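Novice: A structural model of the following input is requested.
(one chain, ligands or ions: 2)
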Amino acid sequence: MPFKKNILCIGAGYVGGPTMAMIAAKCPQYKVLVVDINHKRINEWNSDNLPIYEPGLDELVKAARGRNLFFSNEIEKGIRDADIIFVSVNTPTKTFGQGSGMAADLQYWEKTARQILANSDRDKIIVEKSTLPVRTAKAMERILNSNGGNIKFEVLSNPEFLAEGSAIKDLENPDRVLIGSRETEEGIRARKELVDIYANWVPREKIIESNVWSSELSKLTANAFLAQRVSSINSLSALCEATEADIEEVAYAIGTDSRIGNKFLKASVGFGGSCFKKDILNLVYICRTYGLNEPADYWDSVVRINEWQERRFVLSMLSNMFNTVAGKKIAVLGFAFKANTGDTRESPAIYITRGLIEERALVNVSDPKALGNAREDLKDIREGLEYIEDPYKAAEGAHAIAVLTEWDIYRNLDYKKIFDSMVKPAFVFDGRNILNHRKLFEMGFNVFAIGKTPLKHF
Ligand code: NAD
Ligand code: UGA
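Specialist: Numbers count the residues shown, from 1 in each chain. Ligands and ions are numbered 1, 2, ... in the order given. Next comes the predicted model:
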């Protein structure tokens, strides 16, 4: 049976792969092709060993792959055959020139636009899936419609809100799907085509339609608000440590107010991930571009508090371990930026491990899924670092353990066995507040947790 339409996704990363797998699974009438310049990634998508770890992803891909879901490096052919093109390439922070360290680097994005233009011989709908600065669709339209007007490209904004570790759940049952378009007849027609795709599984009332600029800006705003909650609670965790208030009790007390809500109030060692920092810095840069320095400073402080929280964690380890960790073995439990993912981009564990190594500690890094990425992140460190997946082995002979990712396995380890194998006095630094602190203290550990009064035997 011929397919109703050909969907193409350019960029087979954390967003492109899972998102297209979900569309293919829910819309067997569409052919979905995912392309990438990275041959290794595409080969992995076509193998039993997918390039990213995400609960439920293997099953989803296996069910649709070869039926209506395909992965390939043939980008130009893919563009020619496509009716609808999602662009899901990376948009990292610029590291050079104007806006370096703040603005989004749009080079991959623009390259894609030019490639689409060069390989199209009929009208197409282009969907911005990547997170982009507000008004990028305008630049996209200018490039695409510089063809003399023979071919018409309609640019839609359809930002992705999935979170890693729960991507499949988020895609299957999203809080909302946001689709922005130009409010012209053609724009609204194109928007309707995308609505029809999502309506195969997303209730219609959860599909929000808006103008294209609101859609672009809503994505940056959502991430800024989420990160701001983490920085707010983290800023107060320090005050709790100074006053014997308990950050979990405070979070619970305020989170029961339905106007505040109880999500994203977990104090931690800091937020990581590829997007929060880059998207906020991008928002700050955009504000400054429009001369809006006060909002720029406001959002910038969310990132600064996060950096301070990471720094504070290293300093707390240092000062509580008698002002020196030189030559001491420390087990870092968890390197991923959150549980249930192997992703380590902007993980606080990178900063903390580097901080400990600078202090000449001997660090054993442990993680069930992220050791491959950890090795890559820390490849310049020549001495003092080992990668040990088994947490018991990582903690053997250590002076301290630092929990940096909230993996479930770390909640229920045999801490008595770990304590017995460690150098005394033994320390626990719980950067995620997932352990039973009182019990650990009674076992003999000195326990330091985020936003809590230390439990120590000296
Ligand atoms: P990623 O780096 O995992 O994937 C991007 C892919 O695009 C890479 O595999 C890269 O090789 C490919 N690519 C780059 N230029 C290309 C080109 N010209 N042609 C073909 N392929 C090309 O990135 P990601 O995490 O999937 O993020 C993609 C976008 O989605 C970003 O804008 C990000 O901000 C946004 N986003 C990410 C998440 C997330 O959880 N990771 C969630 C929501 C939104
Ligand atoms: C985040 C957003 O939640 C997604 O909606 C968005 O699509 C995505 O960014 C993106 O644009 O990339 P993600 O970064 O995958 O998703 O994960 P989150 O669950 O948001 O966690 C981000 C960081 O904040 C993690 O390091 C997490 O441990 C930390 N966090 C989160 C806390 O420290 N406390 C909390 O209460 C919540």
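Novice: and the residue of the protein that's closest to ligand 1?
Specialist: residue 13 (1.9 Å; Cβ to the nearest ligand atom). Every residue, glycine included, has its C-beta placed from N, CA and C.
Novice: next, count neighbours for that residue.
Specialist: As a burial measure, residue 13 scores 20 neighbours (other Cβ atoms under 10 Å).
Novice: wait, what's in contact with it?
Specialist: If you count contacts by Cβ atoms under 8 Å, 6 or more residues apart in numbering, residue 13 has them with 36, 41, 52, 88-90.
Novice: for residue 165, state which of these is nearest.
Specialist: Residue 165 lies nearest to residue 52 out of the contacts of residue 13, by Cβ to Cβ, at 10.7 Å.
Novice: and stretch 254-271, how far from the chain's centre?
Specialist: Relative to its parent chain, stretch 254-271 has a centroid offset of 18 Å by Cα atoms, centre = their mean, to the nearest Å.
Novice: right, is that stretch up against ligand 1?
Specialist: No. Against ligand 1, stretch 254-271 shows no contacts by Cβ under 6 Å from any ligand atom, the least distance being 12.7 Å.
Novice: circling back: CSV for the contacts of residue 13, including secondary structure?
Specialist: Putting these into CSV (DSSP: H, G, I helix; E, B strand; the rest coil) gives the following:
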residue, secondary structure
36, coil
41, helix
52, coil
88, coil
89, coil
90, coil
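Novice: pull the helix or strand with minimum mean pLDDT from the protein.
Specialist: helix 136-144 (a mean of 91; mean pLDDT, DSSP states H and E).
Novice: tell me the buried residues in that helix?
Specialist: Buried residues in helix 136-144, counted by 16 or more other Cβ atoms under 10 Å: 136-137, 139-141, 143-144.
Novice: which outside residues touch that helix?
Specialist: Taking Cβ under 8 Å, 6+ apart as the rule, helix 136-144 contacts 106, 109-110, 113-114, 116-117, 126, 128, 153, 155-157, 180, 212-213, 216.
Novice: look at the residue of the chain closest to ligand 1 and report its pLDDT.
Specialist: Residue 13 is assigned a pLDDT of 97 by the prediction.
Novice: what do you get for residue 300?
Specialist: Per the predicted model, pLDDT is 98 at residue 300.
Novice: residue 282 is in contact with that one, correct?
Specialist: No. Assessed by Cβ atoms under 8 Å, residue 300 is found out of contact with residue 282, at 11.4 Å.
Novice: before we move on, back to that, pick out the most distant pair among the contacts of residue 13.
Specialist: Taking Cβ to Cβ, no two of the contacts of residue 13 sit farther apart than 52 and 89, at 15.6 Å.
Novice: between the two, tell me which one has more neighbours.
Specialist: Shown here are residue 52 and residue 89; by other Cβ under 10 Å, residue 89 has more neighbours (22 against 19).
Novice: residue contacts, the more buried one?
Specialist: Neighbours of residue 89 in contact, by Cβ under 8 Å, 6+ apart: 10-11, 13, 108-109, 112, 130.
Novice: for residue 351, same thing?
Specialist: 270, 310-311, 314.
Novice: now it: which helix or strand?
Specialist: helix 348-358 (DSSP states H and E).
Novice: who are the packing partners of the next helix-or-strand element following that helix?
Specialist: Toward the C-terminus, helix 348-358 is succeeded by strand 362-366 as the next helix or strand (DSSP H and E). Counting contacts by 3 or more Cβ pairs under 8 Å, 6 or more residues apart in numbering; DSSP states H and E, strand 362-366 is packed against strand 329-333, helix 348-358, strand 385-387, helix 391-395.
Novice: what sits up against strand 362-366?
Specialist: 327-335, 349, 353, 356-357, 371, 374, 378, 384-391, 393-395, 398.
Novice: among those, which ones are buried?
Specialist: 328-335, 349, 353, 356-357, 371, 374, 378, 384-385, 387-388, 391, 394-395, 398.
Novice: please enumerate the helices of the stretch 101-250 of the chain.
Specialist: Along the stretch 101-250 of the chain, counting by DSSP state H, counting those that start in this stretch, helices occupy 107-118, 136-144, 167-172, 185-198, 212-243, 247-255.
Novice: quickly, which of the ones you listed bottoms out on average pLDDT?
Specialist: Looking at those, the lowest mean pLDDT belongs to helix 136-144 (a mean of 91).
Novice: could you give the angle of that helix to helix 212-243?
Specialist: 140 degrees (axes from the mean of the first three to the mean of the last three Cα atoms, to 10 degrees).
Novice: any residue of helix 136-144 up close to ligand 1?
Specialist: No. Residues of helix 136-144 are not located near ligand 1 by Cβ under 6 Å from any ligand atom, the shortest gap being 10.5 Å.
Novice: do stretch 373-386 as well
Specialist: No. If you take Cβ under 6 Å from any ligand atom as the test, stretch 373-386 misses ligand 1, and the best it gets is 11.7 Å.
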